[in-house]
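K.L.:
no sequence on this one, just coordinates:
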């Protein structure tokens, strides 16, 4: 089954996302996982700037206990998925395993991002403008993951339906 031009355009968006997202994970999100001796000062400065600019408690000592688990999941799930998806997306690989991997990535990303959105909107110390500014980071990420989820769900379903139909035809013969 040849991929549609629409799917190829989405694949290029996903490719760009992972090329940008992987370095950001290492520079910002995974910073707390680094041993103190391996934390370059410029990353501490970047993190301080981010916290001061967006007032994002997820990156401070005030983070909810569950956010640590999200950080570990990002290291153990997002990094490998991002790194292993770049080459196949670049080459236009439409293997069912890539689509399944991205479906699971998108689901987990949408769920954890939605949890973060619900949480930060409840922070009483943030003004509406500050919440809106933080939303400018989280909401596009949430929308992106929902689009990827819907796309990959459709691709996996189409492949399963095609497999089921060919299997059904074989059994009918």
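P.N.:
Ah, there it is. Just so it is clear, the structure is predicted and the values come from calculations on it, not from any experiment.
K.L.:
Find the nearest non-adjacent residue to the residue nearest the centre of the chain, please.
P.N.:
In the chain, the centroid-proximal residue (C-alpha atoms, centre = their mean) is residue 109; its distance is 4.6 Å. Nearest non-adjacent residue to residue 109, counting by C-beta to C-beta, 6 or more residues apart in numbering: residue 145, 3.9 Å away. Glycine gets a C-beta too; all of them are placed from N, C-alpha and C.
K.L.:
burial count for residue 35?
P.N.:
6 (other C-beta atoms under 10 Å).
K.L.:
what stretches of this protein score poorly on pLDDT?
P.N.:
1-6, 165-173 (pLDDT under 70).
K.L.:
What ranges does it have for its strands?
P.N.:
Using DSSP state E, no strands are found in the chain.
K.L.:
Longest helix in it, please.
P.N.:
Longest helix in the chain, counting residues (DSSP state H): helix 128-172.
K.L.:
quick one: residue 46 and residue 11, what's the gap?
P.N.:
As defined by C-beta to C-beta, to the nearest Å, residue 46 lies at a distance of 30 Å from residue 11.
K.L.:
Stretch 24-41: which residues count as buried?
P.N.:
25, 29-31 (16 or more other C-beta atoms under 10 Å).
K.L.:
go on, stretch 78-86?
P.N.:
For stretch 78-86, by 16+ other C-beta under 10 Å, it's 78-79, 81-82, 85-86.
K.L.:
picking up where we left off before, ok, the residue nearest to residue 109 - how many residues close by?
P.N.:
Residue 145 has 21 nearby residues by other C-beta under 10 Å.
K.L.:
swap in residue 120?
P.N.:
For residue 120, the neighbour count with other C-beta under 10 Å is 20.
K.L.:
Tell me which other helices or strands the longest helix of the chain touches.
P.N.:
Judged by 3 or more C-beta pairs under 8 Å, 6 or more residues apart in numbering; DSSP states H and E, helix 128-172 is in contact with helix 5-24, helix 41-54, helix 96-120.
K.L.:
so which of the ones you listed comes closest to residue 90?
P.N.:
Closest to residue 90 of the helices and strands packed on helix 128-172 is helix 5-24 (C-beta to C-beta; 5.9 Å).
K.L.:
rewinding a little: the residue nearest to residue 109 reaches residue 113, doesn't it?
P.N.:
Yes: taking contacts as C-beta atoms under 8 Å, residue 145 lies within contact range of residue 113: 6.1 Å.
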